[in-house]
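Asker: Return atomic coordinates for the entry below.
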Amino acid sequence: MLEKLREPLKDPKGTLNILIVDDEPNIRKTLGMYLEGEGHRVMAVSNPRDALTEISSRSFDLAFVDLRLGTQTGLDLIPELLSGSPWIKVVVITAYASVDTAVEAMKRGATDYLSKPFTPSQVGLVVRRVAEVRALEQKVIALQEALGQANPETDLTSANPAMQRVLTLARQFAESDATLLIRGESGTGKGVLARAVHAWSPRAVKPFSVVSCPSLSMELLESELFGHVKGAFTGAIRDNPGRIALCEGGTVLLDEIGDLPLALQPKLLRFVQDRQYERVGDPKTRQADVRVIATTNRNLETAVKEGRFREDLFYRLNVIQIEIPPLRERPEDIGLLAERLLAFFSRQNHRRILGFTDEALEVLSRYSWPGNVRELRNVVERATILCQAERVGLEHLPSVLSPRPSAPRVGDPISLEKLEEEHIRRVLAAAKSLEQAAQTLGIDEATLRRRRKKYGI
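Answerer: Modelled structure (predicted):
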């Protein structure tokens, strides 16, 4: 059996992190060499204690566990492995096979059962099945992450030379595992580009996850990123592996990194440098193979000078930098983006809209788009809902876009009411949500709804 295991697997489905727990040195050596030869990462140990040490410090996809480990049993190890890595698939291997032990192994959480001596085809089938299941699980994670985030902007073709250079650089950098910092104004599509970099990279088949730095308190943000153990804080009723562990082999996007709390920055620095971290409430040091992409609309250099952002973390994140130009500097793209967005929202709303009138396109092209692509998306979605004709005209666009005297400014001889209307329009256009707009304006959502109704926004 040991010699036969040197035959290669056919058509392996992805690289796995595999743990072998067997007290027979020949089994550990031969099975480990065989699986490594197929491109998998393998760790082999001889006893449950060492197995638990390994599972506490790194993530595994698959574990081959011998039923008899000296004076101990592999059955007792199964729940502990699953506790350390909830997604791990455990395959029990034994020379003492019986229906009772197979049933008991499954009850305790084993995925499969192999009797010694096993053949290469049996090992190959198990590995392929686990690889396929892990790939599906990771796809589910990615789909859950993207649920409700329909992005018609994912078509990144551009007619603007500066944006074309950005896309060329992004494709080149995608091949690397280096940390990437994407800079740009709010709404320019930094998150969209980050997803594209992941999709173009060798990590594309692995999970991609987003952690929003401004949206959570420091405690919740640390738990979301690194995970926590049950009882670590009030409300921690179960273990949470964290986004980093869930993205093993993939990519984590730290959205708006400039808002990362100062107290959490040393922990992120350590992970970016050494790929090591601890879950909240757990002293065990863990490792993860995860690429970090960060985005920001802030001037991090200024934040460093003011002591709000660590200089060493900035330089670690700034290994590769890409800056997305604002939409006002990409006039060639406004019409193209608007047409793509219109086609998307027309399908989504079951409308048959062929395009924009020439006047509407001219107005769109002249506008400065302070909210960038996000604002354009909001405008086109609104127009799609309002339009009952074959083409979107001026009457379907917000009045703020119309070619008329420049928007009122503080100090102009106008009423406070008119100034308030213009300010609310601009904040709404640039905000991601009504809640964010209300926070920016310093009013509650109910008040903002009344203002929108009053001004016909």
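
Asker: Only C-alpha atoms from now on, for both contacts and neighbour counts.
Answerer: Fine.

Asker: list the buried ones in stretch 185-192?
Answerer: The neighbour-count check on stretch 185-192 (16 or more other CA atoms under 10 Å) flags E185, S186, G187, T188, G189, K190, G191 as buried.

Asker: Just the closest of those to A389, please.
Answerer: Nearest to A389, judged by CA to CA, of the buried residues of stretch 185-192 is G187 at 29.0 Å.

Asker: sec struct for the closest one, please.
Answerer: coil (DSSP: H, G, I helix; E, B strand; the rest coil).

Asker: Begin at 12 from now on, thanks
Answerer: In the new numbering, first residue 12, that becomes G198.

Asker: residues in contact with it?
Answerer: By CA atoms under 8 Å, 6 or more residues apart in numbering, the residues touching G198 are G382, N383, V384, R385, E386, A441.

Asker: which of those count as buried?
Answerer: Buried among the contacts of G198 (16+ other CA under 10 Å): G382, N383, V384, R385, E386, A441.

Asker: Where is pLDDT lowest across those?
Answerer: Ranked by pLDDT, the buried ones among the contacts of G198 bottom out at A441, which has 75.

Asker: For that residue, give me its contacts.
Answerer: Counting by CA under 8 Å, 6+ apart, A441 makes contact with S197, G198, P381, G382, N383, R385, E386.

Asker: what about the closest residue to L180 other than its chain neighbours, neighbour count?
Answerer: Excluding the flanking residues, the one nearest L180 by CA to CA, 6 or more residues apart in numbering is I333, at 7.7 Å. Other residues near I333 number 20, with proximity taken as other CA atoms under 10 Å.

Asker: try P252
Answerer: For P252, the number of neighbouring residues by other CA under 10 Å comes to 20.

Asker: Could you do P424 as well?
Answerer: Neighbourhood size, P424 [other CA under 10 Å]: 8.

Asker: Secondary structure class of R385, three-state.
Answerer: Assignment for R385 (three-state DSSP): helix.

Asker: Correct me if wrong: it contacts T199.
Answerer: Yes. Taking CA atoms under 8 Å as the definition, R385 is a contact partner of T199 at 7.0 Å.

Asker: Where does pLDDT dip in the stretch 362-468 of the chain?
Answerer: 413-420 (pLDDT under 70).

Asker: Could you say which helix or strand holds I31?
Answerer: In the assignment (DSSP states H and E), I31 maps to strand 28-32.

Asker: who does that strand pair up with?
Answerer: Strand 28-32 pairs in its sheet with strand 52-56 (parallel), strand 73-77 (parallel), by DSSP bridges.

Asker: in the first one, what's buried?
Answerer: Applying a neighbour-count criterion of 16+ other CA under 10 Å, one finds V53, M54, A55, V56 buried in strand 52-56.

Asker: got it, and stretch 368-375?
Answerer: A371, L372, L375.

Asker: Phi and psi next, for A442.
Answerer: The phi/psi pair for A442 (degrees, to the nearest 10) reads phi -80, psi 150.

Asker: isn't it right up against A449?
Answerer: No. Here A442 lies out of contact with A449, judged by CA under 8 Å, at a distance of 9.2 Å.

Asker: circling back: any buried residues in the helix or strand following the strand holding I31, and which?
Answerer: Heading C-terminal from strand 28-32, the first helix or strand you meet, by DSSP H and E, is helix 36-48. Residues of helix 36-48 classed as buried: I38, R39, T41, L42, G43, Y45, L46, E47 (neighbour count, 16+ other CA under 10 Å).

Asker: what does stretch 428-442 give?
Answerer: Counting neighbours by 16+ other CA under 10 Å, one finds that the buried residues in stretch 428-442 are L430, E432, E433, H434, I435, R436, R437, V438, L439, A440, A441, A442.

Asker: and which of the residues you listed is nearest to V102?
Answerer: A442 (49.8 Å).

Asker: quick one: which of the buried ones among the contacts of G198 is nearest to A457?
Answerer: For the buried ones among the contacts of G198, the nearest to A457 is A441 (19.1 Å; CA to CA).

Asker: do you know how far that closest one is from S197?
Answerer: 8 Å (CA to CA, to the nearest Å).

Asker: same deal with K118?
Answerer: When K118 is compared with S197 (using CA to CA), they lie 51 Å apart.

Asker: again with R436
Answerer: Separation of R436 from S197 (CA to CA): 16 Å.

Asker: distance between the helix or strand of the chain at the bottom of the mean pLDDT ranking and the chain's centre?
Answerer: None of the helices or strands of the chain scores lower by mean pLDDT, DSSP states H and E than helix 131-157, at a mean of 77. Centroid displacement of helix 131-157 relative to its chain, using CA atoms, centre = their mean, to the nearest Å, is 19 Å.

Asker: other SSEs contacting it?
Answerer: Where contact means 3 or more CA pairs under 8 Å, 6 or more residues apart in numbering; DSSP states H and E, helix 131-157 is packed against strand 219-223.

Asker: which residues are in contact with the strand it packs on?
Answerer: Residues contacting strand 219-223 (CA under 8 Å, 6+ apart): 153, 156, 206, 209, 232, 235-236, 254, 258, 261-267.

Asker: angle of that strand against helix 131-157?
Answerer: Calculated by axes from the mean of the first three to the mean of the last three CA atoms, to 10 degrees, strand 219-223 forms an angle of 30 degrees with helix 131-157.

Asker: and P294, helix, strand or coil?
Answerer: Going by three-state DSSP: P294 is coil.

Asker: okay if I get the contacts of G198 as a markdown table plus distance to I425?
Answerer: Shown next, in a markdown table, are these (distance: CA to CA, whole Å):
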| residue | distance to I425 |
| --- | --- |
| G382 | 24 |
| N383 | 27 |
| V384 | 30 |
| R385 | 29 |
| E386 | 26 |
| A441 | 23 |
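
Asker: Can you pick out the most distant pair from those residues?
Answerer: V384 and A441, at 9.2 Å, using CA to CA across the contacts of G198.
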